[in-house]
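1. sequence and computational prediction follow.
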Amino acid sequence: MDDILIIDSTLRDGSHAIRHQFDAKTIRAYAAGAQLAKIPVVMVGHGNGLGASSLQLGLSKLPDLQMLKIARGQLQKSKLGAFLIPGFGTIKNDLAGAVEAGIDVLMVASHCTEANICRQHIQYGIDKNLQVYGVLMMSHMLGAKELLAQAKLIQNYGASGVILMDSAGALLPADVIRKVRVLVGELKIDVGFHAHNNLGMAIANSVAAVRAGAKIIDACSRGLGAGAGNCQLEVIVAVLVRMGYKLNLDLFQLMDNSEKIIAKIMINPQEISAVSLTSGMAGVFSGFAPHARVAAKRFSVDVRDILIELGRRKIVAGQEDIIVDVAANLAQKKKIRGQDNSIEALI
Amino acid sequence: MMKLKVAILGTGNIGTDLLVKIQRSKLLTCSIFSGQREDSPGIKMAKSMGVNTSIESLRAVQNDPNSCDILFDATSADAHRIHAPMLKKLGKFTIDMTPSSVGKMCIPIINMEDCLKAKNINMISCGGQDTIPIVKAILDVHPETQYIEIVSHIASRSAGMGTRDNIDEYTQTTCDGIRLFTHVPKAKAIIILNPAEPPIIMHNTIFAQIQNPNLKLLKSQIISIVNKIRNYVPGYRLTLGPIYENGHLTVMNEVEGSGDYLPKYAGNLDIINCAAVEVAEEYAKCRLEK
C-alpha cells in the first residue's frame, strides 16, 4: 500500500492546550523525539500560525522565530514547517524570517470559503522553494462541491497538497469520506486531513479520510490540541499500521514522546468535556472554548449557550472578540426573559 | 458652482462606491471611470448613471491628460506601483486607495494639511482609517504605551479581488500606518474576512497595553475623536469601552455603511472612501478658490 505522509503538528496546534506556552526545553526535547521517531514533517509555532501571537488569540511564551530556530537545531532529517493564516502574519514581518530560520514546509490556511486570500503566501513559499500546502479550515461548513472549488484555487496557486481541517470536530466519518473522495477524484495534488476530537471521531475520521484516498494525515502527540484535542498521533499511526500501511515510523518512540514529554506539560487531560462536545455539536472552532469559559463566568451565563449562539452566528476562527459580545447579549436576554435555549438550536 | 474633475481607476467595490459618493459631491464630478472589463458590474452601473467610462485603465487618462485634476487609484497595490511614476509625470493629485504604501499615508483628521501639499497620498486601508485615529487618541493620553493591536472584521462579500490579492500588503500597511502615526514601539494588525450570512457589519477592536490607564480622560478623548470621524463617516460608532482588564485596554467600534454600492454592512467601503472624498473635496476647495 502507498505511504501516508504523517505531519506532526504537536508543537503548533498543540499549543492551544497549554495556552501557547511552549518553552525552549519542551520544543528542543519534542523536536528531537519526533526526529528519533522518524516523523517526516514537524510543524512549530503559535497555534494559529506565524504572527498570530496576539491579545486577540493569546500571546506565545516565545516569539515564532525563536521557536522555529530551537526546533531547527534539533531537526536534521525531519523537515521543519510553519503555519500561516493570511490576515495575521505578513511576509515582511513573519514569513521572511521563518524562511531565514530554515523552514522547509509551509501551510497556508484560510476559512474554507476564502481560499483566494492564500495566493500571495502560497506563491511566496513556492518562490522560496518550500513545500507548500493549502489548508481549508472549518471544512464542515461547506459541501463537497464547494470545497472542491476552493481546493482547485489552492492547486492553481501551485501548492503540493490541500488539507481539509475539521476545526470544529463536527464531521462524522461518512461526511469525511464524501468530501475527501470528491477532492481526491478531481485534484492532481495530494489531499490531507486534520481532525479534531469533539465528537470522539478524530481517529475514525482520519481513517475514513485515508480510505477515501487522503495521502496526508495531520496529528498531534497525545491528541494535544484545543478543546477535545486533535487526532492522537501515536494512535492513528498504530491504526494505519494495523490497516497495512507501511509507515516508516518508530511507534514506540512516538509513544515515549507522548508519555515522557507531552504528558508532563499538559494542564488538563485531553478529554471530551461538555463544552468541547457542545462546540462539536454546534460546529464552532475548538479554540473558542477557553475564551467562552472566561466570558461565561464574567457575564454569569452558561458557556454552552454561548457556544450554540456562536454556531448560529457562524463565527469563524479569529473572531474571539465577538465572544464577549455574545455573552453580554445572552446575559441581557436572560435578564429580560429567562433561558430559552432548547436542543433544537443545535440541529 | 464649479466642480473639479476626478478620474477613478478601478471599477471594483471601492471604485464603484467612490463613484456613487462623488456623484453626490458639490465640489467634485467624475469625468472618467476607467477599468479593464466591459462587463464589470461597476462599468455597467456607471453607464446607467450616464458617467463616461473606459476599459483602458490608466491609458484613458494618459490619452486625454486634461480629463481630470484628481485621480483615485482603486486598482491594486501591484498596479499602483506601476501607475505611480506615470501619474507623477502627468502631475495629477493622486489618491491611492490600495495598500501599496507608495504615497504619503493619509488620515484626514490627523494630517490633512500635509497631504494637500503632497502629490500622491495613500489611504492606508479601511482598518487603518478606522483604528488609527483611536490609537492616536490613546497614545496622546498615554505616550508610554508599548504595544497596540487592532483587529478588523469585514464581511467576505465586501472584500473584492483587489483586497484578497493584496491581503499581505493590507495587513502590513495597516500595521505600518499605526506605527507611523503614533510611534508606538510595537504594533500588530489583524484582518479577518467573515463569511457569515447575512453579512456582518464591519467592526474593529483596538487593544492597548498600558500600565495605569486614565480611563476617564481616555474615554473623553476617544469620544471626541469618534465625533470628528462621524462628521465624514456618519455610520461610525463606539460599541464598547474603553474598558481595562488583564493589563490591557479594549475599545470596539463598528461602521455602518451608507449603502451606496454595497449594502450597509460594508462599512469598510465607507470608512476609506469617505476619508478619500474628504481629502479630495478639501483639495478641490483650495483649487477652486484660487
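-> The structure has been received and is ready for your questions.
2. report the contact partners of residue B:7.
-> The neighbours of residue B:7, taking C-beta atoms under 8 Å, 6 or more residues apart in numbering or on different chains as the test, are B:30-34, B:60-61, B:67-68, B:70-72, B:92. Quick note: C-beta positions are derived from backbone N, CA and C, even for glycine.
3. restricted to helices, list these.
-> Counting by DSSP state H, these place B:60-61 in helices.
4. low-scoring stretches of chain B, by residue?
-> Per-residue confidence for chain B (pLDDT under 70) gives these ranges: B:1, B:290.
5. any residue of the biggest helix by length in it touching chain A?
-> For chain B, the helix reaching the highest residue count under DSSP H is reported as helix B:267-289. No: no part of helix B:267-289 sits close enough to chain A to count as contact by C-beta under 8 Å from any C-beta of the partner chain; the gap is at least 13.3 Å.
6. now do the strands in chain B.
-> B:4-9, B:28-34, B:53-54, B:70-73, B:93-96, B:104-105, B:120-122, B:147-155, B:186-194, B:202-209, B:236-245, B:248-255 (DSSP state E).
7. among the ones you listed, which comes closest to residue A:331?
-> Among the strands of chain B, the nearest to residue A:331 by C-beta to C-beta is strand B:236-245 (14.0 Å).
8. quick one: residues in contact with the closest one.
-> Looking at what lies outside strand B:236-245 - C-beta under 8 Å, 6+ apart - the contacts are A:324-325, B:130, B:138, B:203, B:210, B:213, B:215, B:218-219, B:222-223, B:226, B:229-230, B:249-256, B:267, B:271.
9. that one: partners in the sheet, and parallel or antiparallel?
-> Strand pairing for strand B:236-245, using DSSP bridges, gives strand B:248-255 (antiparallel).
10. so how far is the partner strand from its chain's centroid?
-> Centroid separation between strand B:248-255 and its chain, computed with C-alpha atoms, centre = their mean, to the nearest Å, is 19 Å.
11. what do you get for stretch B:140-160?
-> The chain centroid and the centroid of stretch B:140-160 are separated by 14 Å, computed with C-alpha atoms, centre = their mean.
12. returning to what we had before: among the contacts of residue B:7, which one lies nearest to residue A:312?
-> Ranked by distance to residue A:312 (C-beta to C-beta), those are led by residue B:72 at 39.4 Å.
13. any idea what the closest one is bridged to?
-> Applying DSSP bridges to residue B:72, the residues it is bridged with are residue B:8, residue B:95.
14. quick revisit: is it possible to mark the buried ones in the contacts of strand B:236-245?
-> By neighbour count, with 16 or more other C-beta atoms under 10 Å in any protein chain shown, the contacts of strand B:236-245 hold A:324-325, B:130, B:138, B:203, B:210, B:213, B:218-219, B:222, B:226, B:229, B:249-256, B:267, B:271 as buried.
15. just the buried positions in stretch A:115-129, please.
-> Taking 16+ other C-beta under 10 Å as the basis for neighbour counts, the residues of stretch A:115-129 that come out buried are A:115-122, A:124-126.
16. from these, which land in helices?
-> In helices, judged by DSSP H, the following of the buried residues of stretch A:115-129 are found: A:119-122, A:124-126.
17. make JSON lines out of these and add distance to residue B:12 and pLDDT.
-> Shown next, in JSON lines, are these (distance: C-beta to C-beta, whole Å; pLDDT from 0 to 100):
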{"residue": "A:119", "distance to residue B:12": "16", "pLDDT": "96"}
{"residue": "A:120", "distance to residue B:12": "17", "pLDDT": "96"}
{"residue": "A:121", "distance to residue B:12": "22", "pLDDT": "97"}
{"residue": "A:122", "distance to residue B:12": "22", "pLDDT": "98"}
{"residue": "A:124", "distance to residue B:12": "23", "pLDDT": "97"}
{"residue": "A:125", "distance to residue B:12": "27", "pLDDT": "98"}
{"residue": "A:126", "distance to residue B:12": "27", "pLDDT": "98"}
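18. need these in a markdown table (columns: distance to chain B).
-> What follows is these, written out as a markdown table (distance: C-beta to the nearest C-beta, whole Å):
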| residue | distance to chain B |
| --- | --- |
| A:119 | 7 |
| A:120 | 5 |
| A:121 | 7 |
| A:122 | 11 |
| A:124 | 8 |
| A:125 | 12 |
| A:126 | 15 |
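19. domain map for chain A?
-> Structural domains of chain A, as assigned by automatic domain parsing, span the residue ranges A:5-265, A:274-346.
20. is the shortest one up against chain B anywhere?
-> By that I understand domain A:274-346. Yes: using C-beta under 8 Å from any C-beta, we find that domain A:274-346 touches chain B at A:313-316, A:318-319, A:321-322, A:324-325.
21. which residues of chain A lie near chain B?
-> Residues of chain A that fall close to chain B, judged by C-beta under 8 Å from any C-beta: A:51, A:54-56, A:86-93, A:111, A:113-114, A:116-117, A:119-121, A:313-316, A:318-319, A:321-322, A:324-325.
22. give me the buried subset of those residues.
-> With neighbours counted using 16+ other C-beta under 10 Å, the residues of chain A next to chain B contain these buried positions: A:51, A:54-56, A:86-91, A:93, A:111, A:113-114, A:116-117, A:119-121, A:313-316, A:318-319, A:321-322, A:324-325.
23. next step: these restricted to strands.
-> Cross-referencing these with the strands (criterion: DSSP E) gives residue A:111 as the overlap.
24. list the ones among the buried ones among the residues of chain A next to chain B that fall in helices.
-> Among those, the members that lie in helices (by DSSP H) are A:119-121, A:322, A:324-325.
25. closest to residue B:174 out of the residues you listed?
-> Minimum separation from residue B:174 among those (C-beta to C-beta) is found for residue A:120, which lies at 15.4 Å.
26. what's the closest non-adjacent residue to the closest one?
-> Once its chain neighbours are removed from consideration, residue A:120 has its nearest residue in residue B:168; the separation is 4.8 Å (C-beta to C-beta, 6 or more residues apart in numbering or on different chains).
27. isn't the one you found right up against residue A:88?
-> No: contact criterion C-beta atoms under 8 Å: residue B:168 and residue A:88 do not qualify, at 10.8 Å.
28. which stretches of the stretch 151-300 of chain A have low pLDDT?
-> A:286.
29. in it, which spans are helices?
-> Taking DSSP state H, counting those that start in this stretch to define them, one finds helices in the stretch 151-300 of chain A at A:173-186, A:202-211, A:233-243, A:251-256, A:263-265, A:274-282, A:288-299.
30. need the winner for burial among those.
-> Mean neighbour count, computed with mean count of other C-beta atoms under 10 Å in any protein chain shown, is highest for helix A:202-211 among those, reaching a mean of 24.
31. CA atoms of it as CSV?
-> Presented in CSV, the C-alpha positions along helix A:202-211 are these (Å, rounded to 0.1, in the frame of the first residue of the first chain):
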residue,chain,number,x,y,z
ALA,A,202,-10.7,12.1,15.3
ILE,A,203,-9.2,8.6,14.7
ALA,A,204,-12.3,7.3,12.9
ASN,A,205,-12.4,10.4,10.6
SER,A,206,-8.7,10.2,9.9
VAL,A,207,-9.1,6.5,8.9
ALA,A,208,-12.1,7.5,6.8
ALA,A,209,-10.0,10.2,5.0
VAL,A,210,-7.3,7.7,4.2
ARG,A,211,-9.8,5.1,3.0
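32. who are the packing partners of it?
-> Helices and strands touching helix A:202-211, as assessed by 3 or more C-beta pairs under 8 Å, 6 or more residues apart in numbering or on different chains; DSSP states H and E, comprise helix A:173-186, strand A:190-194, strand A:216-219, helix A:233-243.
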